[in-house]
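# quick one: sequence and predicted model below, then my questions.
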Amino acid sequence: MIVCKLGDILTERGMSRRELARRSRLNINTVCKLAKDDHRMIDLLTLDRVCAVLQVTPGELLAWEPDQEPATG
């Protein structure tokens, strides 16, 4: 499962979701969903804007964690 670490990054930097939305010119709802890791898709433009503002790479923002349940086939 891919997880977004935006909430952790914002906390570490002392930046609010509203401030990130303002600086990145993204809708506050988009930023909130990413920060809560409550999303299914991330638009590349959104990813680019978040990475540019925070000066992080997509690899720092996103991580892969194995599923808790074994896959069935």
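Everything's here; your move.
# please name the nearest non-neighbouring residue to Leu47.
Once flanking residues are discounted, Leu47 sits nearest to Pro58: 5.9 Å by Cβ to Cβ, 6 or more residues apart in numbering. Any C-beta I mention is one placed from the backbone N, CA and C, and that applies to glycine too.
# hang on, isn't that neighbour packed against Cys51?
Yes. If you go by Cβ atoms under 8 Å, Pro58 and Cys51 touch, sitting 6.1 Å apart.
# out of the two, which sits in the more crowded spot?
Taking neighbours as other Cβ atoms under 10 Å, Pro58 and Cys51 compare with Cys51 leading, 17 against 12.
# which other residues reach the longest helix seen in the chain?
Among the elements of type helix in the chain, defined by DSSP state H, the one spanning the most residues is helix 44-54. Outside of helix 44-54, the residues that reach it under the criterion Cβ atoms under 8 Å, 6 or more residues apart in numbering are 6, 9, 13, 15, 20, 23-26, 30-31, 34, 56-58, 61.
# out of the residues you listed, which is nearest to Asp43?
Taking Cβ to Cβ as the measure, Asp43 sits nearest to Thr30 out of the contacts of helix 44-54, at 8.6 Å.
# which strands or helices does the helix or strand bottoming out on mean pLDDT in the chain pack on?
Using mean pLDDT, DSSP states H and E, the weakest-scoring helix or strand in the chain turns out to be strand 2-4, at a mean of 92. Other elements packing on strand 2-4 under the criterion 3 or more Cβ pairs under 8 Å, 6 or more residues apart in numbering; DSSP states H and E are strand 62-64.
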